[in-house]
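Q: Starting from these lines, generate the structure:
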Amino acid sequence: MNRGQVYSVSAINQYIKNMFSKEYALSVVFVKGEISNCKYHSSGHIYFTLKDSASALGCVMFAGDRRGLEFRLSDGQAVIIGGTISVYERDGRYQLYAKKITLAGEGALYERYEQLKKKLEQKGYFDEAHKKPIPSYVKRVGIVTADTGAAIQDIRNISARRNPYVQLVLYPAKVQGEGASDTIVNGIQTLDEAGVDVIIVGRGGGSIEDLWAFNEENTAQAIFECSTPIISAVGHETDTTIADYVADLRAPTPSAAAELAVYDVRLVLETLSGCKDRLIRTMFDRIDDARQALSFRERQLKVMNPSQQVLQRRQYVADMEDKLTGLMNRMLEDKRYRLQLLAGKLDGMSPLKRLESGFAYFSDLEGNRIESVKKLVPGDEVDITLADGHVRAEVKDVFETVEWRE
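A: Numbering: from 1, shown residues only. Below is the predicted model:
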């Protein structure tokens, strides 16, 4: 820049920005400090201040760089930020553009955590196909946790409230510090051999260092190889360990694990009472149906009774007899009427009637009827039958009737 020349604010800020850009030490820098004034913008960017006991540095992490952030930033966190320091021209201030953020002191543990998580996921430790169902009604619950502390007390209280008849078997384990994972593994194996129905593995919340025993590979392997269903209950709702991924069921807290493992006996009794009522109603309904069916069969039996059948057949025969008698009487009346008609007709055609009217019956001496004069000759003897007797006569002459023709 030339001495005495007047520059604009934008030019100065741009010049300083170019100076920052040319400084290689500021292009890739790692800064350790404490988070404050952390704000998540609706655009997805994160704005915050990184400070120590003497100074503060403005920082921003753009939405595109948040993909690698494994936790949520909050005030008071000690972090190590990797990024670039540059000038924001509009405000004329420099700030740290964060590319990667890890928790200070816990960064290495998180790296190990992610590596082990990826390794076990590839080996299938987290697959749903390997998850065993949690029994609905348990008698013995195994617990792997410290014998002192809030976790075991919470489990005891919840279990006693839900079902005091369930037996709790505690394996006092070291849940923090050196050798903690070994005692947890021993506890899982011991309770698995003891034949409990379900195992709760857990402890209260804490930092990643406090919970690290549940992120060890031997702990994950013991959970995976256990034949008894396991419920993990490590930390608080926001804490997630490797044990949570491998376990058959994850509970957000030890209290929640107790509620998942121990069934509520009061609900069971209420269910049984409801089943009893439904059974009684069903039984009475069945009895009523059976009574109705029996009554129907009884009526059928009465109808099909042989004596009843005989009575019905007798009644049928009596009805048929009456019907046949009536029919025969009608037929006799009809025949009698027709006979009377025929008798009258026959009486009208009777020879005796004709004889009474003055007619006579001629026959030869042998009784053969003489129907024509052509059969007679003078001198023949004939019998003449009248209404009141017979006359024998001799034929003197025979005269044939002459038909008159025009």
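
Q: For G179, see how far away T49 is.
A: Per CB to CB, to the nearest Å, T49 is found 41 Å from G179. Glycine gets a C-beta too; all of them are placed from N, C-alpha and C.

Q: of these two, who's got more company?
A: Just comparing T49 and G179: by other CB atoms under 10 Å the higher neighbour count belongs to T49, 18 against 9.

Q: That one falls within a strand, correct?
A: Yes - in this structure, T49 lies within a strand as judged by DSSP: H, G, I helix; E, B strand; the rest coil.

Q: For it, which residues are in contact?
A: 35-37, 56-59 (CB atoms under 8 Å, 6 or more residues apart in numbering).

Q: Quick one: buried ones out of those?
A: The neighbour-count test (16 or more other CB atoms under 10 Å) applied to the contacts of T49 identifies 35, 57, 59 as buried.

Q: Now do the SS call for the second one.
A: Remark: L57 carries the secondary structure label strand [criterion: three-state DSSP].

Q: From start to finish, how long is stretch 200-211 in a straight line?
A: Across stretch 200-211, the straight-line distance between its terminal residues is 16 Å, by CA to CA, to the nearest Å.

Q: residues near N305, how many?
A: When neighbours are defined as other CB under 10 Å, N305 has 12 of them.

Q: er, I384 actually
A: Applying the criterion other CB under 10 Å, we find 14 residues in the vicinity of I384.

Q: Name the SS class of it, please.
A: With three-state DSSP as the basis, I384 sits in strand.

Q: who's it bridged to?
A: On the basis of DSSP bridges, I384 takes part in beta bridges with F362, V391.

Q: ok, now which ones touch P135?
A: Taking CB under 8 Å, 6+ apart as the definition, contacts of P135 comprise 197-198, 229.

Q: need the contact list for S255.
A: With CB under 8 Å, 6+ apart as the criterion, the residues that contact S255 are 154-155, 157-158.

Q: and those residues, which are buried?
A: Neighbour-count burial (16+ other CB under 10 Å) applied to the contacts of S255 gives 154-155, 158.

Q: Quick one: the strands in the stretch 151-300 of the chain, in order.
A: 167-172, 198-203, 230-234, 249-250 (DSSP state E, counting those that start in this stretch).

Q: Over to the stretch 301-406 of the chain?
A: Remark: strands assigned in the stretch 301-406 of the chain by DSSP E, counting those that start in this stretch are 361-363, 381-386, 389-394.

Q: re earlier: now the buried ones among the contacts of T49 in JSON lines, with distance to W212 and pLDDT?
A: As requested, the buried ones among the contacts of T49 are exported to JSON lines (distance: CB to CB, whole Å; pLDDT from 0 to 100):
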{"residue": "I35", "distance to W212": "23", "pLDDT": "88"}
{"residue": "L57", "distance to W212": "31", "pLDDT": "89"}
{"residue": "C59", "distance to W212": "29", "pLDDT": "93"}
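
Q: K117: which of the residues you listed is nearest?
A: Nearest to K117 among those, counting by CB to CB, is I35 at 24.6 Å.

Q: Compile the contacts of T49 into JSON lines and extend it with columns for distance to A243.
A: Below are the contacts of T49 laid out as JSON lines (distance: CB to CB, whole Å):
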{"residue": "I35", "distance to A243": "28"}
{"residue": "S36", "distance to A243": "33"}
{"residue": "N37", "distance to A243": "35"}
{"residue": "A56", "distance to A243": "39"}
{"residue": "L57", "distance to A243": "38"}
{"residue": "G58", "distance to A243": "39"}
{"residue": "C59", "distance to A243": "34"}
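
Q: Nearest to E400 among the strands of the stretch 301-406 of the chain would be which one?
A: The stretch from the strands of the stretch 301-406 of the chain with the least distance to E400 (CB to CB) is strand 361-363; that distance is 15.2 Å.

Q: chain center to that closest one, what's the gap?
A: Between the centre of strand 361-363 and the centre of its chain there are 115 Å (CA atoms, centre = their mean, to the nearest Å).

Q: what number of residues lie near Q309?
A: A total of 11 residues lie near Q309 under the criterion other CB under 10 Å.

Q: And it, how far from L267?
A: For Q309, the distance to L267 (CB to CB) stands at 61 Å.

Q: Same list, the strands of the stretch 301-406 of the chain, but as a markdown table with distance to K335 and mean pLDDT please.
A: Below are the strands of the stretch 301-406 of the chain laid out as a markdown table (distance: least, CB to CB, whole Å; pLDDT from 0 to 100):
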| stretch | distance to K335 | mean pLDDT |
| --- | --- | --- |
| strand 361-363 | 32 | 78 |
| strand 381-386 | 34 | 81 |
| strand 389-394 | 38 | 82 |
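
Q: Could you dump the ones you listed into JSON lines and include distance to A11?
A: Below are the strands of the stretch 301-406 of the chain laid out as JSON lines (distance: least, CB to CB, whole Å):
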{"stretch": "strand 361-363", "distance to A11": "177"}
{"stretch": "strand 381-386", "distance to A11": "180"}
{"stretch": "strand 389-394", "distance to A11": "185"}
